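Enquirer: I would like the atomic coordinates for the input below:
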Amino acid sequence: MSESSRRILLGRVLGAFGIRGEAKLESWTEPRAAIFRYQPWIVRDPQGGERELSGVRGRESGKFLIANLPGVTDRDAVEALRGTEIYVPRSALPPPREGEFYWVDLEGLDVVTTEGVALGRVTHLFATGANDVLVARDDERERMIPFVIPQYVQSVDFETRRVTVDWDPDF
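Expert: A predicted model of the protein is given here:
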């Protein structure tokens with residue numbers, strides 16, 4: 001997949017907030033309200049339908065964000081969007097800082113041990129609260145490796161498309 005066609009999932013619509021057509025959002029950006037900086041959004045409803053959405057405004061409210069979506073003016077219209085995912089093109093995001101990575105950029109990279117043993121490819125990452133976890137899968141198994149630099153993850157090399165880890169291949 002080319003860089004220009006890659007999409008990043010930034011959040012989703014959780015449902016209506018109030019009666020005036022505002023939407024309650026879950027955001028995975030850091031900070032949460034940064035989701036409003038990356039527009040236009042490509043929104044994908046639970047049935048797979050997609051459309052572009054520009055001009056979204058919003059604010060923080062407790063654990064969620066509250067958004068005004070252009071063209072959505074009542075509670076029922078927002079409820080119809082429940083579960084809709086919010087994407088932006090990867091190219092819309094700023095380059096990561098030194099030593100930081102967008103998870104989507106790691107997906108598909110080969111994972112090898114410091115001894116050169118292949119462990120598979122990065123399928124995804126997830127957060128545990130204590131640390132992030134890199135998931136590497138080959139034809140036989142899946143390995144979950146703490147994404148802790150330099151204890152377990154020794155290097156990430158985008159030129160060779162390789163993540164080198166200090167990990168027991170039998171674990």
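Enquirer: so what pLDDT did the residue sitting furthest away from the middle of the chain get?
Expert: In the chain, counting by Cα atoms, centre = their mean, Glu115 sits farthest out from the average C-alpha position, at 30.6 Å. Per-residue confidence (pLDDT) for Glu115: 97.
Enquirer: Repeat that for Pro96.
Expert: Reported pLDDT at Pro96 in the predicted model: 89.
Enquirer: Test my guess that it contacts Tyr102.
Expert: Yes. Counting by Cβ atoms under 8 Å, Tyr102 is a contact partner of Pro96 at 5.8 Å. Backbone N, C-alpha and C define where each C-beta goes, glycine included.
Enquirer: Which of those two has more residues huddled nearby?
Expert: Counted by other Cβ atoms under 10 Å, Pro96 and Tyr102 do not tie: Tyr102 has more neighbours, with 15 against 10.
Enquirer: Would you work out how far apart the start and end of stretch 59-71 are?
Expert: Start-to-end span of stretch 59-71 (Cα to Cα, to the nearest Å) is 18 Å.
Enquirer: could you give me the average pLDDT of it?
Expert: For stretch 59-71, the mean pLDDT works out to 94.
Enquirer: And stretch 123-133, by the same measure?
Expert: Average pLDDT, stretch 123-133: 92.
Enquirer: Tell me the buried residues in it?
Expert: Neighbour-count burial for stretch 123-133, counted by 16 or more other Cβ atoms under 10 Å, picks out Leu125, Asp132, Val133.
Enquirer: How about the contacts made by the last one?
Expert: With contact taken as Cβ atoms under 8 Å, 6 or more residues apart in numbering, Val133 is in contact with Leu125, Phe126, Ala127, Met144, Ile145, Pro146, Phe147.
Enquirer: Nice, that's everything, thank you.
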